[in-house]
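Chemist: Got a sequence here, can you model it:
(chains A and B)
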There are 2 protein chains.
Amino acid sequence: MNEHDDPHLVETAIASDVVFLGKLLEVRSDRVRLPDGGEATREFVVHPGAVLVVPVLADGRLVLERQFRYPVRRVMLEFPAGKIDAGETTLETARRELVEEVGYTASLFRPLGTIHPEVGYSTEFIDLFEATGLKHVGARLDEGEFLEVVTMTEDELLSRFDSGDVTDGKTIAALFAWLRRR
Amino acid sequence: MNEHDDPHLVETAIASDVVFLGKLLEVRSDRVRLPDGGEATREFVVHPGAVLVVPVLADGRLVLERQFRYPVRRVMLEFPAGKIDAGETTLETARRELVEEVGYTASLFRPLGTIHPEVGYSTEFIDLFEATGLKHVGARLDEGEFLEVVTMTEDELLSRFDSGDVTDGKTIAALFAWLRRR
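Modeler: Model (predicted):
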């Protein structure tokens, strides 16, 4: 049995329309055929995919960023991450985001798997990488991008997760993946 | 210092418009004031919030569901979860989703914290609960909802995560929260 292709669960596209095209978001509305032959509508954000990097310094400390996230109106503690640009491999995105956002190059990127942050209404996937052999070269933030780079030990990050201070889903999933797969 | 209110990072709303209102999704486009006085546009999905339940059977096995998720075109292995209905507390949502989706009542719901699955473009938060004292009463799926209920041990679920078979972000974050906070 193909684990991801069960005929009694799978929906297939009948029609697909772009219903919103903004500066950041593209939303599609698809008419789908249900497993029982019925029809339904599925609305979702079309996303190019993203990359998240767990940067590990020589002394074991982790590099994170604090960034205001307007949709949730909070400063979030997150691992560096960003969208894949057209034509980029996810490794190239990892390399670019690590320099741009937190200002490091890395000699080694090791894949930690893939997650889907919002399966209900987004096509987004996030490829996770561990970055080691870090060298500080200085961040190059995009215009209008404001963030603060912080470093902390694994224990500090875990204690901030336990206290409820770390709530970013991708950062929590990546931390868990890194702890089990490093 | 208020950890979530740093003036050098915070953006404030200037104007806010609903730019798409579909059957499932509401998208807003806000004009915001940046920390340096500049302006920018933020587009995001407005979401009522959701609840995820980690249901633990008397023998320690966990109850999950397999469900086709159209945006990512896969059958995903997930803990039961769902949107908060108007007027519901998150505990009421947890109780409702546990019966509707996987067919169990629980004698105890214990909070495991909150996550934000998509801080880049959604207001969504997910309150996590552990449910114990389970009693099987049979699922009551919504019309057009197709899913398969599965149970597995913690070790089986961890091994499926390690092999890359579990990629749902909220399920991975909830598993980690449950392992550390149970």
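Chemist: Select the longest helix from chain A.
Modeler: Ranked by residue count, the top helix of chain A under DSSP state H comes out as helix A:169-181.
Chemist: buried set for that helix?
Modeler: Residues of helix A:169-181 classed as buried: A:169-178 (neighbour count, 16 or more other Cβ atoms under 10 Å in any protein chain shown). (C-beta placed from N, C-alpha, C; glycine too.)
Chemist: Ok, stretch A:44-61 next?
Modeler: A:44-45, A:47, A:49-57, A:61.
Chemist: Return the closest of the residues you listed with respect to chain B.
Modeler: The shortest approach to chain B among these belongs to A:Phe44, at 4.0 Å (Cβ to the nearest Cβ).
Chemist: shouldn't the closest one be in contact with A:His116?
Modeler: No: using Cβ atoms under 8 Å, A:Phe44 makes no contact with A:His116, being 11.9 Å away.
Chemist: which strands and helices sit next to the longest strand along chain A?
Modeler: Counting residues, the longest strand found in chain A (DSSP state E) is strand A:12-21. In terms of contacts (3 or more Cβ pairs under 8 Å, 6 or more residues apart in numbering or on different chains; DSSP states H and E), strand A:12-21 is packed against strand A:26-33, strand B:12-21.
Chemist: So which of those is nearest A:Phe129?
Modeler: Nearest to A:Phe129 among the helices and strands packed on strand A:12-21 is strand A:26-33; the distance by Cβ to Cβ comes to 25.8 Å.
Chemist: Check which helices and strands the closest one sits against.
Modeler: By 3+ Cβ pairs under 8 Å, 6+ apart, strand A:26-33 packs against strand A:12-21, strand A:39-46.
Chemist: Identify the residues contacting A:Arg28.
Modeler: Going by Cβ atoms under 8 Å, 6 or more residues apart in numbering or on different chains, A:Arg28 touches A:16-19, A:43-44, A:46.
Chemist: out of the residues you listed, who has the most neighbours?
Modeler: Most neighbours among those, by other Cβ atoms under 10 Å in any protein chain shown: A:Phe44, with 25 neighbours.
Chemist: Quickly note the distance from that residue to B:Leu141.
Modeler: As judged by Cβ to Cβ, to the nearest Å, A:Phe44 and B:Leu141 stand 21 Å apart.
Chemist: Pass me the low-pLDDT residue ranges in chain A, would you?
Modeler: When residues are selected by pLDDT under 70, those of chain A lie in A:1-5.
Chemist: All the strands of it, residue numbers only.
Modeler: Counting by DSSP E, chain A has strands at residues A:12-21, A:26-33, A:39-46, A:50-55, A:62-69, A:74-78, A:81-83, A:104-105, A:108-115, A:126-132, A:135-136, A:147-152.
Chemist: I'd like the ones you listed written out as a markdown table, with distance to A:Asp162 added.
Modeler: Formatted as a markdown table, the strands of chain A follow (distance: least, Cβ to Cβ, whole Å):
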| stretch | distance to A:Asp162 |
| --- | --- |
| strand A:12-21 | 39 |
| strand A:26-33 | 36 |
| strand A:39-46 | 31 |
| strand A:50-55 | 18 |
| strand A:62-69 | 16 |
| strand A:74-78 | 13 |
| strand A:81-83 | 22 |
| strand A:104-105 | 27 |
| strand A:108-115 | 21 |
| strand A:126-132 | 21 |
| strand A:135-136 | 29 |
| strand A:147-152 | 14 |
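Chemist: just checking, A:Val18 touches A:Glu43?
Modeler: No: when contacts are counted by Cβ under 8 Å, A:Val18 is not listed as touching A:Glu43 (11.2 Å).
Chemist: Quick one: neighbours of A:Arg160, just the number.
Modeler: For A:Arg160, the neighbour count with other Cβ under 10 Å is 15.
Chemist: How about it, nearest residue that isn't a chain neighbour?
Modeler: Of all residues beyond its chain neighbours, the one nearest A:Arg160 is A:Val166 (5.1 Å), with distances taken as Cβ to Cβ, 6 or more residues apart in numbering or on different chains.
Chemist: how near is that neighbour to B:Gly164?
Modeler: 23 Å.
Chemist: again with A:Arg182
Modeler: 15 Å.
Chemist: Look up the residues forming beta bridges with A:Gly82.
Modeler: Bridge pairing for A:Gly82 (DSSP bridges) gives the partners A:Val51.
Chemist: cool, and A:Lys135?
Modeler: Going by DSSP bridges, A:Lys135 forms beta bridges with A:Thr105.
Chemist: how close does it sit to chain B?
Modeler: Distance, A:Lys135 to chain B, by Cβ to the nearest Cβ, to the nearest Å: 26 Å.
Chemist: Could I get the contacting residues of that residue?
Modeler: A:104-107.
Chemist: PyMOL command to pick out the buried ones of those residues?
Modeler: What follows is the PyMOL syntax for the buried subset of those, where burial is set by 16+ other Cβ under 10 Å:
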select buried, chain A and resi 104+106
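Chemist: who's the residue most central in space within chain A bridged to?
Modeler: Among the residues of chain A, the one closest to the centroid is A:Ile126, at 4.1 Å (Cα atoms, centre = their mean). Note on A:Ile126: beta-bridge partners A:Ala50, A:Ile115, judged by DSSP bridges.
Chemist: quick one, the longest helix of chain A and strand A:50-55 angle?
Modeler: Using axes from the mean of the first three to the mean of the last three Cα atoms, to 10 degrees, the inter-axis angle of helix A:169-181 relative to strand A:50-55 is 50 degrees.
Chemist: A:Leu64 against A:Val150, yeah?
Modeler: Yes: here A:Leu64 reaches A:Val150: they are 5.4 Å apart, a contact under Cβ under 8 Å.
Chemist: what residues do those two have in common as contacts?
Modeler: Common neighbours of A:Leu64 and A:Val150 (Cβ under 8 Å, 6+ apart) are A:Leu77.
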